[in-house]
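> Build me a model:
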Amino acid sequence: MIDLHKGIVLRAPSPFKTAIVLLDEHYGKIEGMTFKTQKGQSLCHGALISYIPRKRQIKYTLEEQTLLDMPLEWARQDFVFFHYILELCGYFLQWDEPSPEVFRLVHLLSVEPSSFQDKETQKKFLCHLFTYFGMYPDLTGTTLAGWFRTCIVAQFHTEPLRIAAFLKVLDRYENCS
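So this is what the prediction gives:
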């Protein structure tokens, strides 16, 4: 039986490498080796692909890869928000730990961008995402943006995340709390 998976690209390959980081619907965050089979087909952050994963030591080989969708609507509207959601998934999810709730949430964000254009909806989305990461907001005496800021700064593994730029994005939510 063919085990066809769907995944969202969290980190796209560079021109010289074939490794990508995916949010797989069954395996969670995985590293996959992709081989371009169709001329001109390349992947970007947020692309939705289907593939057959084959475990090879700590990485997966992605066979029969097909590009299903690209985040073009987000590119026209608010790609910064979508981009940082992908980065947060990359930093907070563990390798090879199934995260079906996170996959469904990010997939919904990817395919229904018009449903997430207002700040209040984005704020609720972030709350759900952080809850799935295992962080629960204590909003006593703070704003939601302040709580997000604390969550991100308190996590040692988010140091490489462009904190300053993302905190500017979070500042948009200061008046929504």
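
> Domains in this structure, by residue range?
Domain segmentation of the chain under automatic domain parsing yields 5-69, 72-176.

> for the record, mean pLDDT for the lengthiest strand in the chain?
Assignment by DSSP state E gives strand 59-69 as the longest strand of the chain. Across strand 59-69, the average pLDDT comes to 91.

> Low-confidence regions, this protein specifically.
Counting by pLDDT under 70, the chain contains low-confidence ranges at 1-2, 15-16, 35-41, 137-142, 144-145, 148-149, 152-177.

> Bridged to the nearest residue to E64 once chain neighbours are set aside, which residues?
Spatial nearest neighbour of E64, excluding adjacent residues (C-beta to C-beta, 6 or more residues apart in numbering): I52 at 5.0 Å. Using the backbone N, CA and C atoms, a C-beta is placed for each residue, glycine as well. The partner list for I52 in beta bridges (DSSP bridges) reads E63.

> what about I52, how many neighbours?
14 (other C-beta atoms under 10 Å).

> Then I58?
I58 has 9 nearby residues by other C-beta under 10 Å.

> partners of the residue nearest to it when sequence neighbours are not counted in the sheet?
Closest residue to I58 in three dimensions, ignoring its sequence neighbours and counting by C-beta to C-beta, 6+ apart: E31, at 7.2 Å. Beta-bridge partners recorded for E31 (DSSP bridges): V21.

> any idea how far E31 lies from V21?
Distance of E31 to V21, computed by C-beta to C-beta, to the nearest Å: 6 Å.

> which one of these two has more residues nearby?
Ranked by neighbour count (other C-beta under 10 Å), E31 and V21 place V21 first, with 21 against 15.

> Geometric centre of the chain: which residue is closest?
Central residue of the chain (C-alpha atoms, centre = their mean): L86, 2.5 Å from the mean position.

> so who does that one touch?
I8, V9, L10, H45, G46, V106 (C-beta atoms under 8 Å, 6 or more residues apart in numbering).

> Alright, I will stop here.
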